[in-house]
Every structure is written in C-alpha cells, then in structure tokens.
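Undergrad: Generate a structure from the sequence data that follows.
(one chain, ligands or ions: 1)
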Amino acid sequence: MKNILSLLLLSALLLFTTATAKPKQVVSIIPVPAKMEIGKGEFKFNSSTKILIDDSGAEFQKLGDLLITAIYNATGLKLAAPSAHGNKSGDNLISIQNDKNISDSEAYSLEINPKKITISASGGAGIFYAIQSLLQLMPVEGKQKNFSVPALSIQDSPRFKWRGMHLDVCRHFFPVEFIKKYIDILAFYKINRFHWHLTDDQGWRIEIKKYPKLTEAGSWRKETAGDGKPYGGFYTQEQIKEVIRYAQERYVTVMPEIEMPGHALAALTAYPELSCTGGSFETGTTWGVFEDVFCAGNNKTFSFLEDVLTEVMNLFPSEYIHIGGDECPKERWKVCPKCQTRIKAENLKDEFHLQSYFIQRIEKFINSKGRKIIGWDEILEGGLAPNAAVMSWRGIDGGIAAAKSNHNVAMSPGTHCYFDHYQGLNGEPKAIGGYTNLEKVYSYEPVPEVLNADEAKYIMGAQANLWTEYIETTDHVEYMLLPRLLALSEVVWSPKSSRNYEDFSSRIMKHYDILQKKNYNFRVPTPLDETGEYLLMNRKPIEFLKPVKESKIFYTLDGTEPTEKSKLYTSPLKISKAALLKARTFLNNGRTSPTVSLLISVVDTTKNGLNYKYYEGNWDKLPDFSALTPVKSGKVYKLSLRDFKPREDGFGLVISGFIKIDKPGEYNFYLNSDDGSKFSIDDKLLIDNDGPHSSRTVSAKTGLAAGKHKVEILFFEGAGSQNLSLEFEGAGVKRMPVPASAFFRN
Ligand SMILES: [Zn+2]
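TA: Prediction:
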C-alpha cells in the first residue's frame, strides 16, 4: 500500500484566500437532485397537516406511516395517520401519488408550494427517496411543531442502479442493532445495496443449519493480532431475516458475500476435510492472505458450497450472490493430487484455469436457482464465468475488461472507494494505510473514459468498501463511513454534470448537524492537511490553517490540546519562532475534528541541515554504499523522505551531519523505518533497524555531552510503503522528532 504524501501548504493558503462567508444554503439535499427549481414561498407544517395517499396498497400505506414517524423523529410534530380518501385539491396537504407515467421505479417528483406537497412515483422506492429529500429540507434545530420547507420542484432519478456500500463483519463483528443503524444511513442517502461480507479467514459469521461447526468453531478465533483474547460472533438465520426485512422496508437490497475458493480458513477450521492437506487449521488471528483454501479437486467441497449457498439463497432474495473469488493463492493446489487430477481430467491449462473452473461450476449452480454471481476482479483470471458480474477493486482495469466483454460491472477501485483508508494526513485514528479524503471520493467517475457508449452500459454503478482489520468499534466504523458516504451517494446518484465539490462542501454543513442529531460519529474536517515538521526559513513569518465553513478553529502553540478556551483562529497566523502548533475544528453543534499538530522549526540556511547521497538499486538489506556511486547528493533540513525526491521503489540514502545537544545526559533515540535503516552517533553504530520490513521502530540509549555530535543515517527502500524518522528524548526533552534546528552540516 502506498502512502500518498501530502497536500502542499500552499493549497491551504490559496483556500484561505478564496473562502468567504456564504449565506446559509436553504436547500442542502445530498445527493443533489437531477433537476431542481426553487419556487416562491414555503409550505408550513402544523398539527393539522394531512397526508393523503391515492394508492390504497399496503406498500404506500406503510410509506405514509414511515413519513409520519420520520417527521416526528425529526421535529416532534405528530401528524394524523395517512388517509387513502380525501380532497386532493385541499390545502395543508401532503399528497402521495402513484404515477405510472414515471418509468423508473426509483425516480420521483417532489412538488412543494405554499398550499401542498405532492410526491409522485411509480413505485415504493421512488416515494421513499422523495421522502428522504423532503426530510433533508426540514430544520434540524431542536424540537418544533411549526416549521416550513421551501417551495420547490424536483424531478429526480438515479444515474446508476448499483449504489452500494459494503461492510466487513469478519475481521471485526458488529451486532444486528448496528447493522440496522448502518442500513438507515445508507438509505437516507439513497444507497440501495448493502454488501454484507459474511465469511473470511478470521471468522464465519452466518449460521448454516446443515453445517453447525461453521459457527461453533469457525465464528471464533483464539485471539486478534496477539492480544490473547478470544474473539467471535455470528448472525443466526432469524437475525439475518430480520436485517433483510429491515433493509427491504428501506429499499436496500442486502447482498451476501460467501468467500471462495480463498479466504476460507474459518470454514476449513470447522471442516478441514475440505482443504487440500486435511488440516488441522485455526481460524485466522492475523490479517492478510492465507495459503490454505478450499480444495478444488474434492467433490465434497462443491457439495458443501452448494448446500451453504442453498441456505444463503433461501435467506437472501438478492439477484446477485457475491462469491468472493479474490486473493486465492495456488500453492496448495499445485501440490495437491486431487487438484492435479482435476486439472488433467478437465483439460485445464494451470491452476488459474482451475480457479476459473471452480467459479464457473459454482456459477452454474447459482444460475440454476435463478440467481447471478458477482465476484472480485480476480475471477477474470483464467476466463470469466459466462454470466458473472465483476466487482473491480484492483483499480479499474478489471472493470474495463469485463465491460468490453459484455459483463456487468460494479466499480469499486481501491484508489477512490476504500473507506478503510485514511481520510486525513494528520491526527487520524489508525487505518490500514492509503489516503482517500472526502474530495477524492467525490471526484470519482465510475465510467472509465476508455469505454464507448455501448460498453459503458455494462457499468451498473459503484460502491465503497469498508474492511475492518483496524476498525474494532461501531463508532470507528461510523467515523470511516461518514462523511465519505455522502460523497459516494452523489457520485452514484446525481448526474455527472451537476456534481460540484464547492457546492457539495456548502451543502454538507447542514448534514453535519443532521448526522449529529441522528447520533452518528462522523469525521469533522481538520484545519490543516500538512503534517510533520514545518520549517521557518530565516525566520520569515508564515500564514496557515485552513478554515472550515461555519465552524471555529482553536489552536495552541505550546503543544497542549486545543479547547474552546484556547486561542480562536481569526486571521492568518504570523508565527516566527519555534513552536508545536496544535489545532482543531469545532463545529457549531459541538462536534470536533481530530487534533492536528505541526512542529514548527526555525532553521538558519547557512548552518542547519544534513548532507545526503542518494542511490538507486534493488536491495533486501542495506548495501555497502561506499562501493556504489550516488545518483545525486545535496542538502536537506529534515528526514522527510519526500524531501529527497526519490523514485517510487528501490533507492538508498546516506545522510550525515551533526546533532546539537543542548543539555548533557542520557538520550534515547528511536529510529523508525520501512524498509531498513541504521543510525550511528560519534562514529559508533547505535541502532540497527536493517532488513526488508514494514514500519518498525528500534530504540537505544546513549550518554551525550552538550555540543555537536557526528551522526550518520543509512536507509534503503525495497518496494511498497516507505518511511524514515528519528525521534529522541532525554535531559528534559520529551520524546519528539529531532527538530531541524538541531541538525547541522558541520
Ligand atoms: Zn486440492
């Protein structure tokens, strides 16, 4: 995973100069409707406002009840039960009409004038979406029984039929009550598919009556990443029915995912005879990809999966059943006699074609029950099953290939649609990596440019995925989901031409209040994207901090946590001396952003700095740099890797100079790197952090006299993510990055 660094401070400056106070948006519907005209006046709600329904069917009646409940929850106003008979031309009326002229069952029209509100659609989904739009027009402030919504006319319909949101309940498990809360917020933003990732290496989460060990053994793991605590949970079939029913009432299709042939360790723990080796196994306790997968040569594997899928299809009415298909290592199949016999018997070229055989066989079974399969884009390898749809996650190429061969596609590329990635660069709770902020999600275009109009028809839409390796609590799930879900909803619902991030940024302010009122945990935008250390060259003052509309920013310069009693940010800060800046956004509703921090250092360009030599090569440990010729050399002020402007992978650094110590004493140094590094001081090796590894810190102590000490840092980057940092503490210095003001070239 690549960590993408970083937004330039300059952009924060530009944003500051262009951001001006705007009048409050009256209409803040998200996703923005396809067509909307603002009228004159407003419709006033009061306790005698009536609801009339011109369709006496149970579905419309239920929607009328839903509207009454939603209005009550939003405002405290309790309207009388909807009536199927009454004077449609009366005043103070909400008229819900079944309009068969509207062809798309998800489309609707919403007409509001001072006399009445008319909602029309040809199906329940359209009425439901009209209600969501109407609810977003209502005031959010407190309880009030007399309120109004602006006169307007909306003709709205979705751009895509596949508007999905996924949740992984295997890496961490979340209870039914939370799944309902999750579906609530999806439906409120007109998302119509909930992709429920129910089975994986770390846990099997769905009760299967015929195979009770799946949940007895497979829903538990003995610990998580070495914490020593047993962890588990699953949904009974009754609970699953309850969730499906709940979602149906909100026009959300719940699509189950049953992973195969890989990500099967929990299932194999319960039934080891379905593996190539026979076991034994343990439900996964760490993350990643495991080599033990379902045996593709064993007919028992297929009868097991068909039994499981039969129970799954009896529960879930979803047209598509997700069968996973991703990240299936072929190691076991290569040496398994049964798998090899299958390859010969079926005349398959290799193990990739065996995977394709596996998926096609499952597809045939699912098709025979009148359903369709969808799988991650690896199902393209070795040949795509005839009717399969593809979920493109490793970028967009899988989606393009599938669309070009006339297969349906749901786009979900990691670049824009992975909500397990960081939303900011500074102060965020732990995430898997990456950087996918709100604006990036908003910028996503589901139809790849290279497709022609006919091919583009196979793009059913898009969805975002929320994997939960590093997300343990429901609060954290909500934080990762919100507000990015709002950006996604506009990507998949609104016409491409009406999407505008600036406008979205204004409309979202009301939604921060709505989310607060609905009691969701959401990320508040931070006042700064810059992270790490900021250098004040030659003591030039610098302005920064990015204002967030309709909010206050409080900050401190002494490293303490900002509160509403700290300094209020009103104009660009003029900072001219070393400081540890901390800042935080406070919304008017009381919610706050994470605290961002920035170390501000004063450097003298004639004296401070470090010398470096930059090398390129592919190593798996630190090479003897003295035997190599550097590609370039120069001066840096801090260790931030991007300051060396390296190539993406395969490079090394020798960084040398002096550290100035103010007070004598014991100092502890912490060297963190990905990949390997070494740190020497006074010509003695102090820290050896060599080898190809992910981010790892090694520390060591040494006594130092006041004054300058010669230092050398060696570093190499193999491939993938990369970082390098040096911290110290001791003699009155709390643990902190060695500041640029302490580095000298001589
Ligand atoms: Zn096998």
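Undergrad: Quick one: mean pLDDT over stretch 256-268.
TA: Averaging pLDDT along stretch 256-268 yields 98.
Undergrad: need the contact list for the most centrally placed residue in the chain.
TA: By Cα atoms, centre = their mean, the mean C-alpha position of the chain lies nearest to Phe419, the distance being 0.4 Å. Each residue near Phe419 by Cβ atoms under 8 Å, 6 or more residues apart in numbering is listed here: Thr436, Ala464, Asn465, Leu466, Met480, Leu481, Arg484, Leu485. For the C-beta atoms, the positions are set from N, CA and C on the backbone; glycine is no exception.
Undergrad: First-to-last residue distance for stretch 443-458?
TA: 21 Å (Cα to Cα, to the nearest Å).
Undergrad: got the buried residues for it?
TA: Using 16 or more other Cβ atoms under 10 Å as the test for burial, stretch 443-458 gives Tyr444, Pro446, Val447, Pro448, Leu451, Glu455, Tyr458.
Undergrad: Give the helix, strand or coil label for the closest residue to the last one other than its chain neighbours.
TA: When you say that, I think you mean Tyr458. Using Cβ to Cβ, 6 or more residues apart in numbering and skipping the chain neighbours, the partner closest in space to Tyr458 is Ala403 (4.0 Å). Here Ala403 is recorded as helix under DSSP: H, G, I helix; E, B strand; the rest coil.
Undergrad: Could you count how many residues lie near Ala403?
TA: A count of nearby residues for Ala403, using other Cβ atoms under 10 Å, gives 27.
Undergrad: Please tell me the pLDDT value assigned to it.
TA: Reading off the model, Ala403 has pLDDT 97.
Undergrad: Look up how far Leu598 lies from it.
TA: Ala403 sits at a distance of 44 Å from Leu598 (criterion: Cβ to Cβ, to the nearest Å).
Undergrad: Then Asn406?
TA: If you go by Cβ to Cβ, the gap between Asn406 and Leu598 works out to 52 Å.
Undergrad: cool, Glu37 as well?
TA: Glu37 is 45 Å from Leu598, by Cβ to Cβ.
Undergrad: do Leu315 as well
TA: 51 Å.
Undergrad: tally of neighbours for Ala34?
TA: Neighbours of Ala34 under the rule other Cβ under 10 Å: 17.
Undergrad: What of Ser677?
TA: Ser677 has 30 neighbours, counted by other Cβ under 10 Å.
Undergrad: Surely it is in contact with His693?
TA: No - if you go by Cβ atoms under 8 Å, Ser677 and His693 don't touch, sitting 9.9 Å apart.
Undergrad: about what we covered before: when Glu37 and Leu598 are compared, which one has more neighbours?
TA: Leu598 (21 against 9).
Undergrad: ok, how many other residues are close to the residue nearest to that one when sequence neighbours are not counted?
TA: Ranked by Cβ to Cβ, 6+ apart and with sequence neighbours excluded, the top spatial neighbour of Leu598 is Leu581, at 4.6 Å. Counted with other Cβ under 10 Å, the neighbours of Leu581 add up to 22.
Undergrad: element containing Leu581, please.
TA: strand 579-587 (DSSP states H and E).
Undergrad: could you say what helices and strands that strand packs with?
TA: If you count contacts as 3 or more Cβ pairs under 8 Å, 6 or more residues apart in numbering; DSSP states H and E, strand 579-587 packs onto helix 501-517, strand 551-556, strand 596-603.
Undergrad: So for that strand, mean pLDDT?
TA: 92.
Undergrad: At the contact with the ion, which residues of the protein appear?
TA: Counting by Cβ under 5 Å from the ion, the chain comes close to the ion at Cys276, Cys295, Gly297, Cys336, Lys338, Cys339.
Undergrad: Pro150: which of those is nearest?
TA: Nearest to Pro150 among the residues of the chain next to the ion: Cys295, at 62.5 Å, using Cβ to Cβ.
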